[in-house]
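# Based on what follows, work out the 3D shape:
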Amino acid sequence: MVVLAAGAAPDPVAHADLGRAVALDPKDLVGVLNDLQSAALIVRAPDPKDRRKNAVSLTEDGRRLEECTEAGEPANVQLLAPLSPDERAQFLDMLRRISGVG
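Okay, here's the model as predicted:
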């Protein structure tokens, strides 16, 4: 989901920029992008700013999934409300480590 959120820009996002934005190693990012493309959530094409590079754009299905993620944000806020800001940061850090995202 973090890759979809980072790729939700109105213009295509270069692979390298996307990788930096989500803190993924380029080799790992390619695997994630392959899965997202197989699920028809993204498309990859030459970067309009530099045709030697590839860029990522969300498909309509990818945008809908991103909209669902945004709609879920109030539920996340409510779920984490009992935690202090430091506890929220620690909890989210642990979730990232478990999931291998961070």
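
# Would you mind finding the longest strand in the protein?
Secondary structure of the chain per DSSP state E: the longest strand is strand 50-58.

# residue boundaries of the helices in the protein?
2-6, 15-22, 26-38, 60-80, 85-99 (DSSP state H).

# mind putting the ones you listed in TSV, distance to residue 44 and mean neighbour count included?
Where you see a C-beta, it was placed from the backbone N, CA and C, and this is true even at glycine. As requested, these are exported to TSV (distance: least, C-beta to C-beta, whole Å; neighbours: other C-beta atoms under 10 Å):
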stretch	distance to residue 44	mean neighbour count
helix 2-6	12	19
helix 15-22	8	17
helix 26-38	6	14
helix 60-80	12	12
helix 85-99	23	11
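
# Quick one: closest of those to residue 47.
helix 15-22 (8.2 Å; C-beta to C-beta).

# got the angle for that closest one vs helix 26-38?
Counting by axes from the mean of the first three to the mean of the last three C-alpha atoms, to 10 degrees, helix 15-22 lies at 100 degrees to helix 26-38.
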